[in-house]
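S.K.: quick one, what's the 3D model for this:
(one chain, ligands or ions: 1)
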Amino acid sequence: MEDKIKKAAELIKDSNYIVAFTGAGISTESGIPDFRSPGGLWERYDPSIYAEISSFLSHPEKYWKMHRELSQMVLNAEPNPAHVALADLEHKYGKLKTVITQNVDFLHSRAGNTNVLEIHGSGQTARCLKCNKEFHYTQIQQMLEEEQYVPRCPHPCYGLIKTNTILFGEQLPWDVLDQAREEILAADLLIIIGSSLLVYPAAALPSLAQQSGTRLIIINMEPTMMDSYANVVLHSKAGKILPKVFEAFESLINDS
Ligand code: APR
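M.R.: This is a model prediction of the structure:
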C-alpha cells in the first residue's frame, strides 16, 4: 500500500489540472450511509419506490419518509478528512480545479471546495412543482418538524414540493453535466473517490477521462469496473488514505 500511496502522490505532484469525481462512499465516514454497500440506503428503501419520479408523484409520502431519516444524518454530518484533503488540494496548492459529485450532502462546499458540480442535483433547495416557488432546506426541515408528512406550498397554492435532487427517471441537469464533461477533458488527473460507478450517465464520466488519456487514481473500498484502467487503485477508506496520499505529496514537494 505504501508504494501505491507514493505513486498517487507523484501523479498529484506531476499534475496541474486535477478533477475529483466523488460518490456516496466519500461521505460514509461523516455518518451518511452510501447506497449499495451492506447496510446501505437501498437495502432499506427500494429506490424504485422511494427515489423514482413517477412513484414520488403518486406516493410522495414514501420519498419524504426516507428523506426525513437521511436529512437528519446530513444535517448532523461534518466534512471528514477526505473532504478536507480535497479542499486543501484546491486552496493550498491550486491543483484541484473542480469536484464533480453525485452526492447531495453539500459536504464538499462545506469543506471549502469552491467549484463543485452537483450532477445529481442539490439537497440545499426544493421547489413547488405547481408554482415553481423555491424553498431552502431549512424551510423544508421546519415543515417536516411541524409534522407535515408531505411538505406542500403555502396557501393558496398547496402544490407538491420536491427537493432539487435528481430522482431515478428524471433528467440530469444537462448544463452541469456538460460542464463536468469539459472539466474531465481539461484534466490531466482524475481522482475517483467512493463510487461504485454503476449509475449512468454519471458513471460514463470516468470512462471519458480514460479515453482522453487522463491519468486515473481510484480510491474505493470495493473494486470498480474502472480499476483495470487506473494508474493507481487504493482499496481503502477514503478518510484514512487520502490524507496519507496528501501527506506523501507534501513531503515530495518539500524534498524537491
Ligand atoms: N471509503 C472509500 N470507499 C467507500 C467508503 C469509504 N469510507 N464507504 C463506501 N465506499 C465505497 C463502496 O464500496 C461503494 O463501492 O463507495 C461506493 C459507494 O457506491 P454507491 O453506494 O453505489 O454510491 P454511488 O456510487 O455514489 O451511487 C451513485 O446511485 O442511487 C444512485 O443517486 C444515487 O448518486 C447515487 C448514485
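
S.K.: residue contacts, the residue nearest to residue 216 when sequence neighbours are not counted?
M.R.: Spatial nearest neighbour of residue 216, excluding adjacent residues (C-beta to C-beta, 6 or more residues apart in numbering): residue 230 at 4.2 Å. No exception for glycine: its C-beta is placed from N, CA and C like everyone else's. By C-beta atoms under 8 Å, 6 or more residues apart in numbering, the residues touching residue 230 are 192, 216-218.

S.K.: mind listing which of those are in strands?
M.R.: Per DSSP state E, strands hold the following members of the contacts of residue 230: 192, 216-218.

S.K.: where does residue 222 fall, secondary structure wise?
M.R.: Using DSSP states H and E, residue 222 sits within no helix or strand.

S.K.: tell me the spacing between it and residue 23.
M.R.: According to C-beta to C-beta, to the nearest Å, residue 222 stands 11 Å off from residue 23.

S.K.: count of residues packed around residue 66?
M.R.: Residues within reach of residue 66, counting by other C-beta atoms under 10 Å, total 17.

S.K.: now the strands for the chain?
M.R.: 18-22, 96-101, 116-118, 121-128, 134-136, 161-165, 189-193, 215-219, 232-234.

S.K.: which one of those lies closest to residue 82?
M.R.: Ranking the strands of the chain by proximity to residue 82 (C-beta to C-beta) places strand 189-193 first, at 6.5 Å.

S.K.: average pLDDT for the closest one?
M.R.: For strand 189-193, mean pLDDT rounds to 98.

S.K.: can you check what angle separates it from strand 18-22?
M.R.: 20 degrees (axes from the mean of the first three to the mean of the last three C-alpha atoms, to 10 degrees).

S.K.: could I get the buried residue list for strand 189-193?
M.R.: 189-193 (16 or more other C-beta atoms under 10 Å).

S.K.: hang on, the earlier thing: need the ones in strands among the contacts of residue 230 in CSV (columns: distance to residue 247).
M.R.: What follows is the ones in strands among the contacts of residue 230, written out as CSV (distance: C-beta to C-beta, whole Å):
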residue, distance to residue 247
192, 20
216, 21
217, 15
218, 19
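
S.K.: highest neighbour count among those?
M.R.: residue 192 (27 neighbours).

S.K.: which residues of the chain fall in helices?
M.R.: Secondary structure of the chain (DSSP state H): helices at 2-13, 41-44, 47-50, 53-58, 60-76, 81-91, 107-111, 137-145, 174-186, 204-211, 238-255.

S.K.: wait, which of those is closest to the ligand?
M.R.: Of all these, it is helix 238-255 that lies closest to the ligand, at 3.8 Å by C-beta to the nearest ligand atom.

S.K.: quick one: average pLDDT of that closest one?
M.R.: For helix 238-255, the per-residue pLDDT averages 96.

S.K.: ok, the nearest residue to residue 82 once chain neighbours are set aside - contacts?
M.R.: Leaving aside its sequence neighbours, residue 82 sits nearest to residue 238 (C-beta to C-beta, 6+ apart; 3.9 Å). Each residue near residue 238 by C-beta under 8 Å, 6+ apart is listed here: 25-26, 29, 80, 82, 193-194, 219-220.

S.K.: what's the burial count for the residue nearest to residue 59 when sequence neighbours are not counted?
M.R.: Among residues not flanking residue 59 along the chain, residue 49 sits closest, at 7.6 Å (C-beta to C-beta, 6+ apart). Number of residues near residue 49 (other C-beta under 10 Å) recorded here: 13.
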